[in-house]
Each structure stands twice: as structure tokens, then as C-alpha cells.
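# pasting the structure only:
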């Protein structure tokens, strides 16, 4: 920021001090004004934005301390610097206890006051940046919103709130696509660790040897190709949270190492000898049945108990169908913005299909269906013809694999696409119009 | 054409000023007239601080000028202060006619070092250019080496040059141009 962007208010009943300081600061190009009393200062604080206020401690009627308290009430972000004589240093220290940034004894060395003002303004800028960053984080929290009002989902969210402020390890269980990572992020963002990193490791995506080095880091020369020392994910998560996705896929050897790290909260890099004490919280997720894996001796029982401290089961989408319309609307809005398309919603027929579908791929599948439909949609609302065939076949017939149900679904789809234009639909289906009428009658199709 | 008047104050050596004046005149492209010595102690000396008030000296200097477009620069041997600061190397009226510079803290001897006339001359010139710059409306500059950089201790003065950066130089030229135009009108 340029110096003219900063406003400094000088408050001193002594004209010489007030005037000389004002003129001296003006040479630095700050926006400067002065007040001869606390009352005048408060009036100026009412009308104008000030970044730093330099306040004389001893003033008639309202002194510097009282003015400082009033400024704190008006705007906590204003940096207040106390100006005092030698005799009142104790009071100046007292002033700092109630929120003054610093104090100077007059007369002051030019270099000291110059540095003090610079530091005060840097402090102000950092405080402002801090507020901005925190609000950005809040905005980001909004981006990772968990959508749904079903009872089962609300229970999950209550559990997130409950466990977030604790240090307990959390195991998130749920089918693929239910939003396990989103829940992990929600726990992290609701915890006191939210301003520190959330480090995600997809254990299933890395081969075992690479996973070890990824998790624990390595020293230079630890293995062929280790040309540099590298920090592991646990180290990167220091102060924050580490999210281990697909935890069931890790090898028995890594399971032992992981157990030791979780128990001691210490990590030794591969090829290293010195353990590093770290502060992290572990959230892990799986879509497999860990109990079965333990019984089959494919997952260590001690690690299972270490991880299974607090478990959140995320219900599959088919068990919370009431959330499907909400999710559909949410994703439509999301892609309206992303694709800049004028789509206002979804037809009731299409929504009906969406709600009846079983969603084996859960929310992820639903999002993909909406994204695809948004690409195909040519009207202002998503209709059946923009939805994939699988939604029809499953939703329309009980016996979805029968020839009749496939034929019915296909005819209905073509009819929707042509807006129930019989001639066009018959041409597309390569049958004559009377056959099409017979089929509509046979399958009891209606607009 | 507007002039710059230069006044030795409180026994400041005329011969030192005579060395500084030509360079100052060349930097400002303005004729500089050297005035007879003047005493300021009666109005500006503050016995409690044992220093001279630079603000009081500025008032004295200003009262000597008849024309609003002219500038007056006083150079003194006295140690200067403003009420809030322990000392100043000089002071000027921002966009006003008067400026004052003290040679006291520009000398090596003040810091217990061996006297060096060349260094003293260089510092004095820089401070005179700097304070006169304020009278033309220039504020402190952040460009490295620019004479309008702020100096809160003597080493700061040694680090900068006696020249204006392009922005400050441009500002000054513009100021001169508009002043001449006003005078012609």
C-alpha cells in the first residue's frame, strides 16, 4: 500500500507537539489530521477512517486512557500509540495492557518514531489481511457444503459438530461417492485446526513402497533416486489434519508403521534415525468392511481399534431419497454458473426418475448425471431426454432387464425428445405411426 | 523569475555557503542570492532543550520574503528541534516559502569522528536540496538514491545522492512550468 492510503490522527492538547508531528508526518505523504482534545478526536473518528491514532496520555477532561477505551469500542482495528512524558511511563504501560499498540516518550528520536509508525501500519495491514483470509476460509467452507436435510444426514452432521472440537481419530465409512472426503473436510474446518493444513492421502492410489515415502518422508540417499530430503505428509500436516482415504488398501508393513506413528505421534523419515514429534489429527475413510478384513487377517486388529475411535457412517443416497431434489437443485445451480447456461431447473417427470433411481454411485453419480444433462439440455429445464438411459430402465420397470421394459423406456425417451410428435418419433424408431400408437397403448405411456 | 534566497544564520560560515550555492542553483535551475548573516537566538533558542526551534526560524525567514513565489533557505550552526522530536536536520514549510538546515549534526565531529570537509559539504548540499524540495511541494520519496528520501540519521544522508529521481524531478519541472505560466498571465 502507498503511504497516502494510510490515515493518521494526532491527538494532543499541546499545539507545538500536535502541529510539529502533523507536519512531520505530512512530509511522508500520509493522510494526517490532528485533534486538540479527546472530544474533537472522537468527532473525527466518527466521520473518517483512521489507521493509526497517536494519543497524548495527559489531556484535560478526557485523558488518553479513556480515549483509548472509547476508540476500542468504536473500532478494534485502529492502532493506538500513546505519547507520554517520562513521568508517566507506568501509565503508558497500563495503556498497553488495555490495548494500546505501543508508546513513545516525548521528545522522541526521529528514527524511533519513524520505525514505530511503520511497524504500526504493518501491524494494521497484517490484521486486515488476517480478517480477509479468515473470511476467505469461511467462504471456502461454504463451497464444501454438505447438502441434505434428511434425518440420517442431519445425524451425521451432528456427529461432525460433536467430534470436530475433540482430538479423537475419526473413521468415516460409506459407499463410494457418498462424500467421505467432504465430511473429513467439514470436521477439519469445524475444528480449532482449521487454519492449519488438511493433507489428503489416497492410500489406494499409491503403490506400497511409494506410500511409505509419501507418508513418512525420506532422507537424502534413503533409496535409489532419493536425491533430496523430502517431508512426508504427516510432517506437512503438522498442526492440522491428515486424511487417509481408502485406509483398507494399505499393506501389512505400512499398517505397522502407521500404528507406531499414531501411538507415538512421532515420525521417522525413511533412511533417517531421528524421530520428529508432530501434532496432527487423523481422519480416515473406507468403503470396505474393516471387521471382515480383520477377521480375514488382512487388516491389523490393533490398528483397527486405534482408528475406530469415533465412526461416522454416511448413508448411501438411496437411503436418503428426500435429499435428491435438494442435491439436484444444488448441482444445477453449480453448473449454471460454471457453464454459463440458462437452465432454471428440472421437469417433474425427470425429477421423478431421479428420485426413483437407486444411485449405486451415490452423490458423485448424481453430480455426473446433472453435469451431463446440463451439457445436453437445450430447453430452460432439464427433461427426461437429457438423462442417461440407466435411470429410465431402472426406474420404469420392475424387471429392468426384460425386453419389454427396455422397449418401453426407449419409446418414451424418443417421444420426450420429439415433444410427443408421433410422425417424428415413428420415423426415429423406424416403425409406422399405427405401430407406435399400438405400443403407446400397450405400455400405457402418457405425456 | 522567482529566486531562492540563502541566509547564513547564527554565525554559519559564508565561505561554506558560497561553495554550496552554485550547485544548489544548478540543481534548481534558479538564481540564488546570498543574503547577509542573521541571528535567530532571541526568537528561536529554547534554553530548556538548549536547541533552536526550527519552526520559529521558519517564521523569521518567512517574514523576510516579499514575493510569494520566492523561496528562502536559512543555514545554521545551531542544533534544531521540533517539539515532538529530539532533533531535526532541517525543516521546511510544505508548499511554503521557507526552509532551514542545520550543519551541526552533519559534521563528523558531532559523532566523535575526524572532521571531513568533503563529506560535510556533500551532506549539507543534500539537506539543502531536500528541504528546498519540500517548499516546492515534494514529499518524502521511496526511490533508492533520490534526494527526497527521508533521513532520520546521518548515515541515511550518505546513502542518498544530491539528485532527484525521475518522478520528483518531473514534479519539480511541472511546478516550475506552472509557476512561470501563472506569472505570465
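Structure's in. What do you need? Computed from a predicted structure; not experimentally measured.

# so after the longest helix along chain A, what's the next helix or strand?
Ordering each helix of chain A by length in residues (DSSP state H) puts helix A:110-143 first. Per DSSP states H and E, helix A:110-143 leads on to helix A:151-164 as the next helix or strand towards the C-terminus.

# who's in contact with that next one?
Outside helix A:151-164, the residues that touch it by Cβ atoms under 8 Å, 6 or more residues apart in numbering or on different chains are A:146, A:148, A:170, A:183, A:186-188, A:190-191, A:310, A:312-315, A:319-320, A:323. From N, CA and C alone the C-beta is placed, and that goes for glycine too.

# and the residue most central in space within chain B, which of the three is it?
Central residue of chain B (Cα atoms, centre = their mean): residue B:128, 3.2 Å from the mean position. Following DSSP: H, G, I helix; E, B strand; the rest coil, we place residue B:128 in the helix state.

# any idea how far residue A:49 is from it?
Here residue B:128 is placed at a distance of 37 Å from residue A:49 (Cβ to Cβ, to the nearest Å).

# again with residue B:179
Distance from residue B:179 to residue A:49, by Cβ to Cβ: 35 Å.

# same check, this time on residue A:24
For residue A:24 relative to residue A:49 (Cβ to Cβ), the value is 22 Å.

# out of those two, which sits in the busier spot?
Set residue A:24 next to residue A:49 and count neighbours by other Cβ atoms under 10 Å in any protein chain shown: residue A:24 wins out with 21 against 11.

# what packs against the helix or strand encompassing the more buried one?
Assigned by DSSP H and E, residue A:24 belongs to helix A:15-26. Where contact means 3 or more Cβ pairs under 8 Å, 6 or more residues apart in numbering or on different chains; DSSP states H and E, helix A:15-26 is packed against strand A:7-11, strand A:31-35, helix B:54-63.

# got the residues of the stretch 151-300 of chain A near chain B?
Applying the criterion Cβ under 8 Å from any Cβ of the partner chain, no portion of the stretch 151-300 of chain A neighbours chain B.

# residues touching residue B:61, list them.
Taking Cβ under 8 Å, 6+ apart as the criterion, residue B:61 is in contact with B:7, B:72, B:73, B:74, B:97, B:98, B:99, B:100.

# apply 6 Å and report the result again.
B:72, B:74, B:98 (Cβ atoms under 6 Å, 6 or more residues apart in numbering or on different chains).

# excluding residues flanking it in the chain, which one is nearest the last one?
So the one you mean is residue B:98. Closest residue in space to residue B:98, ignoring its immediate chain neighbours: residue B:61 at 4.0 Å, by Cβ to Cβ, 6 or more residues apart in numbering or on different chains.

# tell me the pLDDT of the one you found.
Listed pLDDT for residue B:61 reads 94.

# same deal with residue A:268?
pLDDT, residue A:268: 89.

# might you report the residue contacts of it?
Going by Cβ under 6 Å, 6+ apart, residue A:268 touches residue A:275.

# how near is it to chain B?
48 Å (Cβ to the nearest Cβ, to the nearest Å).

# how near is residue A:122 to residue A:169?
From residue A:122 to residue A:169 the distance is 40 Å (Cβ to Cβ).

# how many neighbours does the closest residue to residue B:55 other than its chain neighbours have?
Closest residue in space to residue B:55, ignoring its immediate chain neighbours: residue B:82 at 6.0 Å, by Cβ to Cβ, 6+ apart. Residues near residue B:82, counting by other Cβ under 10 Å, number 22.
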